[in-house]
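Novice: please work out how this folds:
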Amino acid sequence: MTLPVGQAVSVVGLAGHLGNGVRRVTTDALLGSRAGLPRSVGDIDASVLSKVMGREVRSVRVLSSDAGTSSRARLVLTGNRVPESVFVKVGARTAATRLMGELGRLGETEVRFYSQLAPELPGVPEAYGTAFNAWTGRYLLVLEDLPESCVFPDTLHPLSVDQASLIVELLANLHGTFWDRVRQNGRGPLAWLYTPSGDVTSLLTGSLMKTSMKRLAERTAIPVDNGRFIADNYRAVAAVIDAAPNTVMHGDAHPGNVYFRDGEAGLLDWQAVRRGHPSRELAYTLVTSLTPEDRQSAQRELLDVYRRALVAAGGPELDREDLWLRYRQGALYAYVAPLITAGMGGMQVEGIAMEGLRRGVAALDDLETVAALQDALSAG
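Specialist: Take a look at the predicted model:
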């Protein structure tokens with residue numbers, strides 16, 4: 001069977017993207033530490049930090065560390081005009097996890113965000129220095145070490161409606177700040193941003209969803225198969241929710257990437273920054289952050305809060321009913337992401353992953369997301 005031209009181009013693009021990721025991981029293995037950036041938290045010393053931060057660091061001590069899609073640590077510093085402690089991120093420990101990060105361009109994206117976009121935004125940890133090596137994909141982020149007085153929620157500790165309102169206003173500030181700077185033709189200074197549906201790796205999403213459904217059906221009563229239509233038509237329905245107008249999105253604003261400091265909201269982990277319609281982000285955030293009951297009772301009001309805050313941040317006045325429709329459609333992402341996370345395993349604590357999945361499936365039902373997507377495809 002002959003592939004349609006668009007799909008054939010996407011397949012070629014995916015192969016090229018995979019090849020680039022393999023090249024970086026292989027080059028890193030061959031060059032070792034000679035490439036100049038630390039390969040682990042243990043490789044971060046005073047000379048490296050002095051160079052990246054642009055100030056003299058005399059000593060470094062690891063306070064704590066952990067690992068996931070990146071290796072992270074809190075470091076205690078001494079030196080000239082340096083903070084007492086910092087939070088650092090470097091590439092993942094294993095080649096397999098690094099390759100997964102390369103597929104999502106995680107390190108490169110977060111370095112670009114903190115270098116180019118973060119200075120204009122509130123609710124973002126301060127960056128003391130960033131570095132990225134295009135040959136190996138190695139990177140180093142030196143960020144503000146947030147105080148213990150901050151509140152860090154997760155899916156098992158859902159947000160209140162008032163907290164969700166603060167996050168919605170923060171997202172409106174992000175979206176409004178860059179609304180007129182994201183060109184729909186993909187050109188200009190922000191051309192490195194792409195839509196989730198435009199990512200060549202989205203070719204894999206439908207298969208990952210089906211594999212996750214099969215695995216989860218054996219160990220949960222959650223009706224994960226309710227989104228089968230989405231898995232069967234993923235590329236088409238993803239394009240529906242990414243339709244213009246687009247702006248800059250955080251891309252992964254679930255409760256684990258949220259914090260509150262002195263009554264103000266903030267967002268962490270900017271490694272999935274994308275461009276897209278705000279409804280995708282709003283649906284993902286509200287569905288994963290609130291209990292289904294709180295979401296159902298407050299979501300229309302929270303969308304109104306968002307509309308007003310978007311205008312205040314320099315964005316347009318969105319039509320209320322159009323935003324509601326696109327929000328219902330955008331809830332597909334609040335189902336797809338938790339489904340793959342829970343089904344493939346290893347990316348989140350089991351209880352957190354399963355609770356996110358419950359909320360995503362519940363939203364598919366009460367927002368009638370599949371029907372809204374089917375109607376959009378029929379009309380198109």
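
Novice: ok, how many other residues are close to residue 317?
Specialist: By the criterion of other CB atoms under 10 Å, residue 317 has 9 neighbours. Quick note: C-beta positions are derived from backbone N, CA and C, even for glycine.

Novice: scratch that, residue 216 is what I was asking about
Specialist: Neighbours of residue 216 (other CB under 10 Å): 18.

Novice: so what pLDDT did it get?
Specialist: As predicted, residue 216 sits at a pLDDT of 97.

Novice: the host helix or strand of it: what's the following helix or strand?
Specialist: In this assignment (DSSP states H and E), residue 216 forms part of helix 205-217. Using DSSP H and E, the helix or strand that follows helix 205-217 in sequence is helix 228-232.

Novice: sorry, back to before: and the contacts of the helix holding residue 216?
Specialist: If you take CB atoms under 8 Å, 6 or more residues apart in numbering as the criterion, helix 205-217 is touched by 222, 224-225, 227-228, 230-235, 238, 336, 339-340, 342-344, 357.

Novice: out of everything not next to it in sequence, what's closest to residue 153?
Specialist: residue 255 (4.6 Å; CB to CB, 6 or more residues apart in numbering).

Novice: which helix or strand contains residue 81?
Specialist: Counting by DSSP H and E, residue 81 is part of no helix or strand.

Novice: next, the spatially most central residue of the chain: secondary structure please.
Specialist: Residue closest to the average C-alpha location in the chain (CA atoms, centre = their mean): residue 252, at 2.9 Å. Classification of residue 252 by DSSP: H, G, I helix; E, B strand; the rest coil places it in coil.

Novice: would you confirm that it contacts residue 274?
Specialist: No: assessed by CB atoms under 8 Å, residue 252 is found out of contact with residue 274, at 9.1 Å.

Novice: now the closest residue to the residue nearest to the centre of the chain other than its chain neighbours: how far from residue 280?
Specialist: Distance criterion CB to CB, 6+ apart; nearest residue to residue 252, sequence neighbours excluded, is residue 272 at 4.1 Å. Residue 272 is 12 Å from residue 280, where distance means CB to CB, to the nearest Å.

Novice: neighbour-wise, which of those two wins?
Specialist: The residue with more neighbours, out of residue 272 and residue 280, is residue 280; 27 against 20, by other CB under 10 Å.

Novice: secondary structure element holding that one?
Specialist: Going by DSSP H and E, residue 280 is in helix 278-289.

Novice: and the following helix or strand past that helix, what other elements does it pack with?
Specialist: Towards the C-terminus, the helix or strand next in line after helix 278-289, according to DSSP H and E, is helix 292-312. Using 3 or more CB pairs under 8 Å, 6 or more residues apart in numbering; DSSP states H and E, the elements in contact with helix 292-312 are helix 161-177, helix 278-289, helix 320-344, helix 350-366.

Novice: out of these, flag the one nearest residue 127.
Specialist: Nearest of the helices and strands packed on helix 292-312 to residue 127, taken as CB to CB: helix 161-177 at 16.0 Å.

Novice: average pLDDT across the one helix or strand residue 236 maps to?
Specialist: Assigned by DSSP H and E, residue 236 belongs to helix 234-241. The average pLDDT within helix 234-241 is 96.

Novice: the helix or strand following that helix pairs with which strands, and in what direction?
Specialist: As assigned by DSSP H and E, the chain's next helix or strand after helix 234-241 is strand 247-249. Its sheet considered, strand 247-249 pairs with strand 274-276 (antiparallel) by DSSP bridges.

Novice: what's in contact with the partner strand?
Specialist: Against strand 274-276 from outside (CB under 8 Å, 6+ apart): 182, 190, 193-196, 199, 241-242, 246-249, 251.

Novice: and the least confident of the residues you listed?
Specialist: residue 199 (85).

Novice: what is the burial count for it?
Specialist: 20.

Novice: same question for residue 350.
Specialist: Neighbour tally, residue 350, other CB under 10 Å: 10.

Novice: how far away is residue 99 from residue 92?
Specialist: From residue 99 to residue 92 the distance is 9 Å (CB to CB).

Novice: neighbour count: those two, which is higher?
Specialist: Each of residue 99 and residue 92 has its neighbours counted (other CB under 10 Å); residue 92 has more, 20 against 17.

Novice: point out where the protein drops to low pLDDT.
Specialist: Scanning the chain for pLDDT under 70 picks out the ranges 1-19, 21-25, 27-36, 185-186, 346-347.

Novice: cutoff 80 now
Specialist: 1-36, 68-69, 93-104, 184-187, 346-348, 380 (pLDDT under 80).

Novice: for residue 167, which non-adjacent residue is closest in space?
Specialist: residue 265 (5.1 Å).
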